[in-house]
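Colleague: what's the 3D shape of this:
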Amino acid sequence: MSKLQSYFETNWGAMTLNDWIGTILTVIIFLLMLGMYIWVLRPKNKDKLEAHRNLPLDDDAEGNSEKKDG
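Modeller: The predicted model follows:
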């Protein structure tokens, strides 16, 4: 088990500013994605999300489509 622990060992003192920024951003993005997955997969939000299921396909109905001049 000591080989496995030494493989994942981190020298926190040797981390540069870029290392810290990358680590913090990775943790923040992971937590945001986890929160979004929990919110989306919660059964009480199903009706709200199902109301928007065809949103990418509804551009023509809103009049935002490009004009076709030919």
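Colleague: Can you list the helices and strands that the host helix or strand of residue 32 packs against?
Modeller: For residue 32, the enclosing helix or strand under DSSP states H and E is helix 17-41. Packing contacts for helix 17-41, counted by 3 or more Cβ pairs under 8 Å, 6 or more residues apart in numbering; DSSP states H and E, involve no helix or strand. Every residue, glycine included, has its C-beta placed from N, CA and C.
Colleague: avg pLDDT for that helix?
Modeller: Averaged over helix 17-41, pLDDT sits at 95.
Colleague: If you tally nearby residues, what's the number for residue 53?
Modeller: Residue 53: 8 surrounding residues under other Cβ atoms under 10 Å.
Colleague: SS state for it?
Modeller: Here residue 53 is recorded as coil under DSSP: H, G, I helix; E, B strand; the rest coil.
Colleague: List phi and psi for it.
Modeller: Backbone geometry at residue 53, expressed as degrees, to the nearest 10, gives phi -70, psi -30.
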